[in-house]
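Visitor: just to be clear, the model below is a prediction. Sequence and coordinates:
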Amino acid sequence: MSLRTLALAAALAAASVVTTPAFAADKDAVLAVVNQFNDDGNKLDEKAASALCADQTVIIDMFAPYSWNGAGACATWMKDGDADNKRTSSTDVSGTLGKTSEVIISGDNAYAAMPATFTYKIKGKAQKPLQGIWTFTMHKSSAGWRITGLGWGLKSGI
């Protein structure tokens, strides 16, 4: 093995040691935002949940109008969700996040996906839980990680 190859291998090994803690910290920060967003949603704290969204956000979900984007998309999505819950007489809506299946971070951008289960009642009667995948995209700004996109996909067979 040449000295040049050894030097390159040593540099790459050192870089991985230096970047691994940074990645771990960013991964923890990304997941903290996802968990806080879910917690705020379960508490029906639309203001706190919306504060975790970037100015421009894209959302896809299973109730009309099915997609939201642009400034204020998170707040509008939550208001539309509340209206849909009233229309369908849905109450006690609660999301539980499963074990994170993927977190990918590239510079100031992140992707996170995890299984999620949403429970709810219609006219006071518990319904079959909705199981699916909740996917988030994020951007790191001076304010920290903010949600730039989120999508809900139902598990097939439901």
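Guide: Sure thing, it's come through. Just so it is clear, the model here is predicted, and its values are computed rather than measured. Numbers count the residues shown, from 1 in each chain.
Visitor: and stretch 46-56, end to end?
Guide: End-to-end distance for stretch 46-56: 17 Å, by CA to CA, to the nearest Å.
Visitor: so how far is it from its chain's centroid?
Guide: Its chain's C-alpha centre lies 12 Å from the corresponding centre of stretch 46-56 when counted by CA atoms, centre = their mean, to the nearest Å.
Visitor: from the rest of the structure, what touches that stretch?
Guide: Residues outside stretch 46-56 that contact it (CB atoms under 8 Å, 6 or more residues apart in numbering): 33, 36-37, 40-41, 69-75, 78-79, 138-139, 141, 146-148. Using the backbone N, CA and C atoms, a C-beta is placed for each residue, glycine as well.
Visitor: try it again with 6 Å
Guide: Contact with stretch 46-56 is made by Val33, Phe37, Asp40, Gly41, Ala71, Cys74, Ala75, Met78, His139, Arg146, Ile147, Thr148, as judged by CB atoms under 6 Å, 6 or more residues apart in numbering.
Visitor: buried subset of those?
Guide: Listed as buried from the contacts of stretch 46-56 are Val33, Phe37, Asp40, Gly41, Cys74, Ala75, Met78, Arg146, Ile147, Thr148; burial here means 16 or more other CB atoms under 10 Å.
Visitor: which ones among these are found in helices?
Guide: Using DSSP state H, the subset of the buried ones among the contacts of stretch 46-56 located in helices is Val33, Phe37, Asp40, Gly41, Cys74, Ala75, Met78.
Visitor: look up how far Lys79 lies from Lys155.
Guide: 26 Å (CB to CB, to the nearest Å).
Visitor: adding pLDDT and distance to Ala48, write the ones in helices among the buried ones among the contacts of stretch 46-56 out as a markdown table.
Guide: As requested, those are arranged in a markdown table below (pLDDT from 0 to 100; distance: CB to CB, whole Å):
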| residue | pLDDT | distance to Ala48 |
| --- | --- | --- |
| Val33 | 97 | 12 |
| Phe37 | 96 | 9 |
| Asp40 | 96 | 4 |
| Gly41 | 94 | 9 |
| Cys74 | 95 | 11 |
| Ala75 | 95 | 11 |
| Met78 | 94 | 11 |
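Visitor: closest one of the residues you listed to Lys125?
Guide: Nearest to Lys125 among those: Gly41, at 22.2 Å, using CB to CB.
Visitor: for that closest one, give me its contacts.
Guide: Gly41 neighbours (CB under 6 Å, 6+ apart): Ala49.
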